[in-house]
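[1] Quick one, fold the following:
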Amino acid sequence: MSWHLGRMTAFDLETTSADPTEARIVTGTVIGLGGGQGTEPRSWLADPGVEIPDEAAKIHGITTEEARAKGRPADEVVGEIASHLFGSIAFGTPIVGHNLSYDFTVLDRECRRHGVVPLVDRFEGTDVIRPVLDSMILDKQVDPFRKRVSETQGPRVLKTCAQTYDLPWDDESAHGCEYDALVSARVIYRIGQLAHMEREEWPERIKRVRKPGFQALRDLDLFALHTAQVTWAAEQAAGLQAHFRKSDPEAVVDGSWPLRPWEATS
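    Have a look, this model is predicted:
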C-alpha cells in the first residue's frame, strides 16, 4: 500500500510560547484517520500552571482564566497525550502534523517537567519516534522555491500549504489544534497523491512548480520516508540558517527532527 493511503494519527498542540523548550501545553489533539476507517478524535484542554501570554491567547483563543476554569491538570493531559501517541507508534501508524519537531519537543519537555515518561524512553533504541510525516518538511522538499504569499504569510505556514494543494482554509478555525491537525493530514495526503500521479495529470498550479520533487517520494515506504525527512530537515535548516546569517552572523536554526534531543537543551 502506498504510504499516503494507510491509517494516520494527526497530532497538534497549542501552547504558551514559540520556544518549544519553555512552552506549556494549553490544548492538544490526537486524531486517528484515513485507511478506510472512521475518524477518531481525542482532544484536551489543560491548565498549564502558568499565565498564558496575551500573544499566545490571540493565536489559539484560550485565556489564562478559561484554562484555569475548564482545563484539566497539566500532568494528566501530558500523560494521556503521550500514551495515545505511544499506542500509534507501537502499532506502526505514522504520526502526522505540521512542523512536528516543535510539537514533539514541547511534549518531551512537558513530560520531563511533570514526571511523565517521555516517548523516547518508552521504547528500546534511540530513534523511536517513528514513523513520522511532517507536512512542512515534505512540502519544502517537493516545492523548494515557493515564495512568500505576502509580508504576513510565509511560504511554509499551514495556510499556504493548504492553498497550494487546493484545500479549503478557514481563518476562524485556524490555530485550533483539531483543525490544524486535520489540515496537515490532508496536505500530506495530497502530496502523496501527487507523488503517485504522472506529471501530466497534475493540476496546472503544480505543473508550474519549479523543480518539483513529488515523484522522488513515490517508491519510499513509511520508514524510508521518515529517514529521508531526518536528512531533509537538517538540510533545510542549514539553508535557512545560511540565509539568516546574511543579516545576523550569529543566527542558528536547529535541524533536529522529529525531536530536539534533551541533551542539547538540558
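[2] quick one: low-confidence parts of the stretch 1-150 of the chain?
    Along the stretch 1-150 of the chain, the model assigns pLDDT under 70 to residues 125-127.
[3] now with 50?
    Regions of the stretch 1-150 of the chain meeting the criterion pLDDT under 50 are absent.
[4] Please enumerate the strands of it.
    With DSSP state E, counting those that start in this stretch, the ranges of strands along the stretch 1-150 of the chain come out as 7-15, 25-34, 40-47, 72-73, 95-97, 132-134.
[5] Each with direction, which strands does the fifth one pair with?
    The reference is to strand 95-97. Applying DSSP bridges, strand 95-97 is found paired with strand 7-15 (parallel), strand 132-134 (parallel).
[6] I'd like those laid out as JSON lines, including mean neighbour count and distance to Ala23.
    In this view, the C-beta of every residue, glycine as well, is placed from N, C-alpha and C. Shown next, in JSON lines, are the strands paired with strand 95-97 (neighbours: other Cβ atoms under 10 Å; distance: least, Cβ to Cβ, whole Å):
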{"stretch": "strand 7-15", "mean neighbour count": "26", "distance to Ala23": "4"}
{"stretch": "strand 132-134", "mean neighbour count": "26", "distance to Ala23": "18"}
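[7] got the ones you listed as JSON lines, with distance to Asp143 columns?
    Listed next are the strands paired with strand 95-97 as JSON lines, based on distance: least, Cβ to Cβ, whole Å:
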{"stretch": "strand 7-15", "distance to Asp143": "21"}
{"stretch": "strand 132-134", "distance to Asp143": "14"}
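[8] Give me the nearest residue to Trp262, chain neighbours excluded.
    Asp108 (6.6 Å; Cβ to Cβ, 6 or more residues apart in numbering).
[9] Dump stretch 100-111 to PDB, restricted to CA.
    C-alpha atoms of stretch 100-111 as PDB (Å, rounded to 0.1, in the frame of the first residue of the first chain):
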ATOM      1  CA  LEU A 100       6.300  18.400  14.300                       C
ATOM      2  CA  SER A 101       9.800  19.000  15.700                       C
ATOM      3  CA  TYR A 102       8.100  21.800  17.700                       C
ATOM      4  CA  ASP A 103       5.200  19.700  19.000                       C
ATOM      5  CA  PHE A 104       7.300  16.600  19.900                       C
ATOM      6  CA  THR A 105       9.900  18.800  21.700                       C
ATOM      7  CA  VAL A 106       7.100  20.600  23.600                       C
ATOM      8  CA  LEU A 107       5.700  17.200  24.700                       C
ATOM      9  CA  ASP A 108       9.100  15.800  25.600                       C
ATOM     10  CA  ARG A 109       9.900  18.700  27.900                       C
ATOM     11  CA  GLU A 110       6.400  18.700  29.400                       C
ATOM     12  CA  CYS A 111       6.800  15.000  30.200                       C
END
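[10] From here on, call the first residue 151.
    New numbering, starting at 151: the last item is stretch 250-261.
[11] tell me which residues in it are buried?
    Within stretch 250-261, the residues that qualify as buried are 250-261, counting by 16 or more other Cβ atoms under 10 Å.
[12] So which of these sit within helices?
    Among these, the members falling in helices (DSSP state H) are 250-261.
[13] Throw those residues into JSON lines and include distance to Ala173, thanks.
    Formatted as JSON lines, those follow (distance: Cβ to Cβ, whole Å):
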{"residue": "Leu250", "distance to Ala173": "14"}
{"residue": "Ser251", "distance to Ala173": "13"}
{"residue": "Tyr252", "distance to Ala173": "8"}
{"residue": "Asp253", "distance to Ala173": "10"}
{"residue": "Phe254", "distance to Ala173": "12"}
{"residue": "Thr255", "distance to Ala173": "9"}
{"residue": "Val256", "distance to Ala173": "5"}
{"residue": "Leu257", "distance to Ala173": "10"}
{"residue": "Asp258", "distance to Ala173": "11"}
{"residue": "Arg259", "distance to Ala173": "8"}
{"residue": "Glu260", "distance to Ala173": "8"}
{"residue": "Cys261", "distance to Ala173": "13"}
